[in-house]
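Asks: Sequence first, then the predicted structure, then my questions.
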Amino acid sequence: MQRMNSIWVDQFGREKRKLRISVTDRCNFKCQYCMPEHPEWMNKKHLLDFESLYQFCELMVQGGIEHIRLTGGEPLMRQGIVHFIQQLQQLKSQGLKRVAMTSNAHYLKKYAQALKNAGLDDINISLDSLDATQFQQMTKSSLAPVLAGVEQALDVGLKVKINTVLMKGINDSQILPLIEWAQQKQIMLRFIEYMPLDGDAKWHRHEVVTEQDILNVVAEKYRIDAIPQNHEPARYYHLDSNYVIGIISTISHSFCGACDRIRLTANGELYNCLFAIHGLSLKDEISTWRHKPTIQATAELTQKIQQYIWHKAAGFHEIQAKQQSRKITMHMLGG
């Protein structure tokens, strides 16, 4: 049966099918492209509780959301996350197709089997280097638990993707080693251009390893054939016809024209774009509506969300041109 048109649509006709939910801003890593040097964590009492989150997800699925991805911070640091994933399975009878997670994998060895049992469809793992010293410098954490987490996820049958943020002069030497490692393990690998979402606003364009930079390195060893892009943020390439990599090139070759995702922070603030200057605070409305979901209250909340999504900007470059800044960073928004 064909799915109805989504009611979550912006002024450029882009339907929203994917919802990313940051369940916590806390993380045990300090990746320099994400976390400020001195983060100020949200008070736990300000987090949207899982019961309210579930009600919100149900509303969004009924309106056309098909994919939900749980992010952080590090989502495995939020107590109750496995049970929440299990709860979300109920929404598959209403149109939800996939429940996914993005994790740094530090705790994955412990939780992989439980996540699989709860029905998690896939997991994206952040892995920026296979060099332990380099990894420590980038994340202020150890590589070994991450690799152990990857192995455990594969052992229990979870579908795994690896995400690597490349920074010029820091870890761009890892392009070919990561490809060889991921190909050997038959894991999808995606490279991501360094974006201006770092906690201390130290991003500089000259530090970006562009899509073309990556392809130039890859071409030294592999024959490259481009694959037509759909609504995915990554462009995909066949290497020697037997392995596929992805590149998310927000800076040099953005995919904004086909963007189908929206984001909710851990304290209930909705963002219609990863780079949006202003979010829509929904925590109070969601909490109130959860306890009294009347037809009128549902209609009012739906309309408020629709109006905010409608005003989504054309894309990253339009927002950047306005030269506005915001306080929220990657560790709060979940990427």
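Replies: Received, thanks.
Asks: from the chain's centre, how far out does the lengthiest strand in the chain sit?
Replies: Among the segments of the chain that qualify as a strand by DSSP state E, the longest is strand 159-166. Offset of strand 159-166 from its chain centre (C-alpha atoms, centre = their mean, to the nearest Å): 11 Å.
Asks: Can I get it in PDB? Just the C-alpha atoms.
Replies: Taking Å, rounded to 0.1, in the frame of the first residue of the first chain, the C-alpha atoms of strand 159-166 are listed here in PDB:
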ATOM      1  CA  LYS A 159      23.100  -3.500  10.500                       C
ATOM      2  CA  VAL A 160      26.100  -1.200  10.900                       C
ATOM      3  CA  LYS A 161      27.200   2.000   9.100                       C
ATOM      4  CA  ILE A 162      30.400   3.900   9.900                       C
ATOM      5  CA  ASN A 163      30.500   7.700   9.800                       C
ATOM      6  CA  THR A 164      33.800   9.500   9.600                       C
ATOM      7  CA  VAL A 165      34.200  13.300   9.900                       C
ATOM      8  CA  LEU A 166      37.400  14.300   8.100                       C
END
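Asks: quick one: low-confidence ranges for the stretch 101-250 of the chain?
Replies: Counting by pLDDT under 70, the stretch 101-250 of the chain shows low-confidence ranges at 197-201, 203.
Asks: Pull the contacting residues for Gln62.
Replies: Gln94, Gly95 (C-beta atoms under 8 Å, 6 or more residues apart in numbering). Placement of C-beta: from N, CA and C, glycine included.
Asks: All the strands of the stretch 1-150 of the chain, residue numbers only.
Replies: Under the criterion DSSP state E, counting those that start in this stretch, the stretch 1-150 of the chain carries strands at the ranges 18-22, 67-71, 98-103, 122-126.
Asks: In CSV: those strands, plus mean neighbour count.
Replies: Below are these laid out as CSV (neighbours: other C-beta atoms under 10 Å):
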stretch, mean neighbour count
strand 18-22, 22
strand 67-71, 23
strand 98-103, 21
strand 122-126, 21
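Asks: quick revisit: mind giving me the packing neighbours of the longest strand of the chain?
Replies: Counting contacts by 3 or more C-beta pairs under 8 Å, 6 or more residues apart in numbering; DSSP states H and E, strand 159-166 packs against strand 122-126, helix 144-156, helix 175-185, strand 188-193.
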